[in-house]
Structures are given as structure tokens and as C-alpha cells.
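>>> With the sequence up front, the predicted model follows.
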Amino acid sequence: QVTGTTSQFRGLPPGSRAVHLPDGRTSDYFLTTFGRASRNTACSCEVSTAPTLSQALHLLNGESTTGKISEGKLISDLLNQSNDPADVVRGLYIRAYSREPLSEELDAILQRLKTSKDLQDSLHDLFWALLNSNEFIFNH
């Protein structure tokens with residue numbers, strides 16, 4: 001279950017990660033949606049890696065992505081390191097894609113940020129979009 005923005009697995013202490021689960025019986029919507037193995041065999045063939053509509057809808061509308069962005073405070077940290085929006089955008093791209101934005105991408109984003117009334121909120125939206133992009137979902 002998701003309480004606030006932190007995932008909490010029944011029977012495990014707060015902050016435990018999915019890899020700490022002793023078996024596949026733990027009820028968790030996110031893990032079920034994204035193909036958690038039942039752990040009946042040692043074969044990884046139990047898990048389907050094909051994307052599903054449920055996965056897309058969860059990423060787009062679920063609170064996991066937005067909650068984790070807010071919880072992580074990455075945008076606040078990057079803004080504290082530099083007041084230059086270009087530096088923050090580069091930091092978000094490196095975190096999401098392990099690469100800097102292409103010059104066309106950076107130019108388009110900076111144009112949008114110039115008209116933003118709330119820079120932090122706009123950067124939050126950008127990070128959300130990066131994490132919901134095909135490049136992130138299928139490559140990382």
C-alpha cells in the first residue's frame with residue numbers, strides 16, 4: 001500500500017524495498033501491475049516484460065511517480081545548487097536518462113520555463129514527463 005508517498009510493505013519496517021520481500025505473496029498493486037514474479041520457480045520467464053495498459057495508466061495517473069518526485073526533493077536540491085534553470089534541467093536529464101538534454105530539447109524546455117509562474121512546479125512537471133517517457137520506461 002502507498003501511505004503518503006512512501007511504500008510500506010506489510011510485515012516489513014518502514015523504508016523497506018521490494019527486494020527485501022521474502023516471497024511473492026505480498027499484496028502490492030504496483031508490484032502486481034509491473035510484473036512481479038510469483039517466485040514459484042527460479043525462472044525469470046514467470047515475468048512478462050511487455051508493457052500493459054495498466055502500467056501506463058498507473059504511471060500517468062497513479063500517485064507513485066508524483067509522490068516519489070516530491071518525496072525525493074531532487075528538484076529542490078538542484079535549485080539549491082544552482083539558480084540557473086538550464087543546470088537543473090541537465091541534472092534532471094542525467095538522473096532520468098543518464099545523458100544531458102539535446103540542444104533542441106534544452107532550448108524548448110528553457111523557452112517554456114521562461115513563461116512559468118512557478119519554476120519549481122514546472123520543473124516537477126518536467127521530471128514527471130521524463131519519468132513517463134518511452135525513453136525512461138523502456139531503457140531504464
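Sure, I can see it. On a predicted model such as this, the values are computed, not experimentally measured, just so you know.
>>> Distance check, Arg112 against Phe138.
In this view, Arg112 and Phe138 are 25 Å apart by Cβ to Cβ, to the nearest Å. For glycine as for every other residue, the C-beta is placed from the backbone atoms N, C-alpha and C.
>>> in this structure, which segments are predicted with low confidence?
By pLDDT under 70, the weakly predicted segments of the chain are 1-7, 22-26, 28-29, 32-51, 55, 58-64, 140.
>>> In it, what residue spans correspond to strands?
Here the chain has its strands, by DSSP state E, at 2-3, 6-7.
>>> What's the separation between Ser122 and Leu12?
Per Cβ to Cβ, Ser122 is found 36 Å from Leu12.
>>> one step back: and Arg112 and Phe138? Which one has more around it.
Using other Cβ atoms under 10 Å as the criterion, Arg112 and Phe138 rank with Arg112 on top: 12 against 9.
>>> The more buried one and Ser122 touch, don't they?
Yes: counting by Cβ atoms under 8 Å, Arg112 sits close enough to Ser122 to count as a contact (7.1 Å).
>>> Which residues does stretch 75-82 contact?
Contact partners of stretch 75-82, identified using Cβ atoms under 8 Å, 6 or more residues apart in numbering, comprise Ile69, Asp87, Val88, Gly91, Leu92, Leu119, Gln120, Leu123, His124, Phe127.
>>> if we go to 6 Å?
Under the contact criterion Cβ atoms under 6 Å, 6 or more residues apart in numbering, stretch 75-82 has outside partners Val88, Gly91, Gln120, Leu123, His124.
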